[in-house]
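1. predicted model and sequence below, questions to follow.
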Amino acid sequence: MQGKRNRCAAIAVAGLLALGAALPALAQTQEVKLGFAAPLSGTQASDGKDMENGVRLAIDQVNASKPVIGGQPVKFVLDAADDKGDPRRAVLVAQRLVDDDIQGMLGHLNAETTILASRIYAAAGIPEIAMTTAPAYTEQGFSSTFRMQTTDTQQGSVLGRFVVKHLGIKRIAIVDDQTAYGRALADEFEKAAKGAGARIVRRDALNRKASDFRAMLGHIKRERVNAIFYGGAEAPAALLVKQMRELGIGAPLIAGEALKSDSFLQIAGKAANGTIASTAGMPLDRMPGGADFERRYRKRFGAAPGIYAPYAYDGTMAMINAMKRANSTAPARFLPALAATRMPGVTARTIAYDAHGNLKYGTITVYKAVGGRWQMLNTAVER
């Protein structure tokens, strides 16, 4: 009897030891590192942080669901970097993130930083979903580049046609800040406006380091323009519109999403009234998942989301969902699944990419500054 008890005890101990050995393997969680970069300091810090918050909200949601990929529990972690909106720094940031063994990249925000950094991610075979709207980003021939927002081609064309056909603007001067973003947006606006019957009476380059644009504006004033289109970043725009009003130019300033911000309205003051700006996408309250996203964002960060957060959220979910469908976190394995993405999102009923990595179903909304607030002129236009 004693021998039987000893044998049973030995079997029980062996079973417990085997279970103990198995538990660490079962409980071991693989960390999947996602890279992120945007301006987190300087004049665009609020935009970069808003974008980062959208990424973090998506990662938090996925991690809370205890995901399993390739039969192993995984936890997504964010490797975030500040590129300061500087192309040279963006290249260094990109190489550092690649050296950190990221599995996917979310960012950058600006056109030039994104385009230069994308070459490093592409060479390393790392899929990237970026915020930039510059057409050149997805025209480089890489299979690894995807977008969170619509392109300048879509935005510039819709805005060019809209101001001519719906607002009756016929004589237009164009100014761009010589960045990739500014030039691309201005080029597309010019083509669309001309095609709709407008006359482009001048095109000037704006020096981003200058603070006095009166000489250039004096030449424009003599052309008796109905509007000035500005392609570029927000920083010089408030000064530009203030000096327009000082010189008696009552024509509206027209621009892309860079100007559609509360900070532009605050800095420009009364001079901003009449400014027309377009944004990629639609207002948060009109997005398919906008109300729920805003509720969750406020709960997590204690403030309302900005322009970029919902798009960053959708981009992050697209990348993680591609890993789930491919049942792999290896970039080469989930890249084809990312290219084949078709899923509902916060910003659109269907998130899907064309052969170049551009969004198939982009939207544009046009706003006008009235009494210190942005007033929607036109509902989102599907392309």
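-> On my side now, so go ahead.

2. could you break this structure into its assigned domains?
-> Following automatic domain parsing, the chain resolves into domains at 30-150+285-352, 153-280+365-382.

3. now the last one: mean pLDDT?
-> To tie it back to what came earlier, the one meant is domain 153-280+365-382. If you average the pLDDT over domain 153-280+365-382, you get 93.

4. quick one, what contacts the residue most central in space within the chain?
-> The chain has residue 131 as the residue nearest its centroid, 2.4 Å off, counting by CA atoms, centre = their mean. For residue 131, the contact set (CB atoms under 8 Å, 6 or more residues apart in numbering) comprises 38, 51, 107-109, 114, 147-149, 308, 311-312, 315. Where you see a C-beta, it was placed from the backbone N, CA and C, and this is true even at glycine.

5. highest neighbour count among those residues?
-> Using other CB atoms under 10 Å as the neighbour criterion, residue 107 leads these with 34 neighbours.

6. not counting sequence-adjacent ones, nearest residue to that residue?
-> Nearest residue to residue 107 in three dimensions, chain neighbours excluded: residue 37, at 4.3 Å (CB to CB, 6 or more residues apart in numbering).

7. now swap in residue 346 and tell me
-> residue 289 (3.7 Å).

8. what residues are up against the one you found?
-> Residues in contact with residue 289 (CB under 8 Å, 6+ apart) are 310, 344, 345, 346, 347.

9. now do residue 314
-> 148, 345, 346, 347, 348, 351.

10. likewise for residue 58?
-> If a contact means CB under 8 Å, 6+ apart, then residue 58 has 312, 313, 316, 317, 320 as its contacts.

11. can you tell me the SS state at the fourth one?
-> Taking DSSP: H, G, I helix; E, B strand; the rest coil as the rule, one finds residue 317 in the helix state.

12. count of neighbours near it?
-> Neighbour count of residue 317, defined by other CB under 10 Å: 23.

13. check the last one too.
-> Here the number of neighbours of residue 320 (other CB under 10 Å) works out to 25.

14. not counting its neighbours along the chain, what's nearest it?
-> Closest to residue 320 by CB to CB, 6+ apart is residue 62, at 5.3 Å.

15. that neighbour belongs to a helix, doesn't it?
-> Yes: assigned with three-state DSSP, residue 62 falls within a helix.

16. next one: the closest residue to residue 158 other than its chain neighbours from residue 292, what distance?
-> Residue nearest to residue 158 in three dimensions, not counting chain neighbours: residue 364, with 4.4 Å by CB to CB, 6+ apart. Distance check for residue 364 against residue 292: by CB to CB, to the nearest Å, it reads 23 Å.

17. same question for residue 89.
-> According to CB to CB, residue 89 stands 36 Å off from residue 292.

18. give me the neighbour count for residue 364.
-> 25.

19. relative to residue 314, how far out is the residue nearest to residue 346?
-> As for residue 289, its distance to residue 314 is 9 Å (criterion: CB to CB).

20. likewise for residue 303?
-> Counting by CB to CB, the gap from residue 303 to residue 314 is 20 Å.

21. so which of the contacts of residue 314 is the most crowded?
-> residue 148 (29 neighbours).

22. quick check: that residue touching residue 311?
-> Yes: counting by CB atoms under 8 Å, residue 148 does reach residue 311; the two are 4.1 Å apart.
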